[in-house]
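Colleague: what follows is a predicted structure for the sequence shown.
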Amino acid sequence: MIHSTAVVTGASIDASASVAEFAVVRPGARLRAGVVVHPHAFIGDDTEVGAETEIFHGAVVGKPAARSRALARTVEEAPACRIGERCSIGAHAVVYRGASVGDDSLVGDAASIREQVTVGRNCVIGRHVTVNYNVTIGDHTKIMDHSWLAGNMRIGAGVFISGGVLTANDNRIGADGYDAALVVGPSIEDGARIGLGALILPRVVIGRNALVGAGSLVTRDVADGASVRGTPARVVGGAA
């Protein structure tokens with residue numbers, strides 16, 4: 001059902017999908033069976049939304065990235081946004097054009113997922129989380145509220161990132177402009193666990209099943225299975 005106040009132009013919408021009051025669905029968008037779009041949500045051009053996915057109030061899915069001379073990084077044209085089946089996109093979340101969210105994943109209220117981001121299956125992206133450009137997140141990974149993931153980083157499968165975790169991708173803090181070969185965030189390998197409020201610096205590798213204690217400042221690689229904590233973080237034993 002499409003509400004009479006919704007604005008739908010040139011989209012393909014399954015008969016079992018619903019588009020509520022004042023929602024906007026742009027040309028080329030495809031809403032599969034059982035999709036629910038709540039009031040004031042926006043579905044961008046060519047966006048694909050998988051079956052039984054729910055998009056809550058005021059969410060923006062398929063937002064084009066802004067272009068501005070103030071940006072150090074050149075923003076390229078991105079492919080269409082894709083949301084998998086049985087997902088939940090929270091109120092006022094923003095998922096950019098060029099992002100992909102796997103089946104059975106949840107994107108929390110007011111989260112931001114930038115272009116060139118791939119989120120795996122059965123993931124949680126918590127409330128107010130920012131996932132910057134060109135980030136890959138593996139299946140079954142959970143990123144809790146208010147965490148910030150820098151551009152050009154990789155997160156494996158089965159990773160748990162607690163609330164308020166911050167990452168960085170540029171040790172020169174913007175002094176040299178943008179070079180994708182040099183501006184690189186950390187890599188967090190499969191099964192790693194990152195404690196509340198940890199800070200992880202550029203290019204650091206957190207090994208498989210490693211544990212980073214709450215409030216730690218991680219300045220160097222963490223071996224597979226190791227536990228680290230402190231400022232700077234140091235090894236305190238095997239994985240818990």
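Modeller: Yep, it's here. Numbering: from 1, shown residues only.

Colleague: let me see the backbone angles for residue 11.
Modeller: Reported as degrees, to the nearest 10, the phi and psi values for residue 11 are phi -100, psi 160.

Colleague: gap between it and residue 60?
Modeller: Residue 11 is 16 Å from residue 60, where distance means Cβ to Cβ, to the nearest Å. The way it works is simple: take the backbone N, C-alpha and C, and place the C-beta from them, glycine included.

Colleague: tell me the domain boundaries of this structure?
Modeller: Domain assignment for the chain by automatic domain parsing gives 1-120, 134-240.

Colleague: mean confidence (pLDDT) on the first one, please.
Modeller: Confidence over domain 1-120, taken as the mean pLDDT, stands at 94.

Colleague: got the end-to-end distance for it?
Modeller: With Cα to Cα, to the nearest Å as the measure, the ends of domain 1-120 fall 30 Å from one another.

Colleague: chain center to it: distance?
Modeller: Relative to its chain's centre, domain 1-120 lies at 13 Å (Cα atoms, centre = their mean, to the nearest Å).

Colleague: so residue 150 sits right up against residue 187, yeah?
Modeller: No: under the criterion of Cβ atoms under 8 Å, residue 150 is not in contact with residue 187, lying 11.4 Å apart.

Colleague: ok, back up a step: so can I have CSV of the domains of the chain showing distance to residue 126 and mean neighbour count?
Modeller: Below are the domains of the chain laid out as CSV (distance: least, Cβ to Cβ, whole Å; neighbours: other Cβ atoms under 10 Å):
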stretch, distance to residue 126, mean neighbour count
domain 1-120, 5, 19
domain 134-240, 4, 19
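
Colleague: and of those, who's closest to residue 127?
Modeller: Of all the domains of the chain, it is domain 1-120 that lies closest to residue 127, at 3.8 Å by Cβ to Cβ.

Colleague: residue 49: what's it in contact with?
Modeller: 29-32, 35, 43, 55, 61, 83 (Cβ atoms under 8 Å, 6 or more residues apart in numbering).

Colleague: one more time with 6 Å
Modeller: Listed by Cβ atoms under 6 Å, 6 or more residues apart in numbering, the contact set of residue 49 reads 31, 35, 83.
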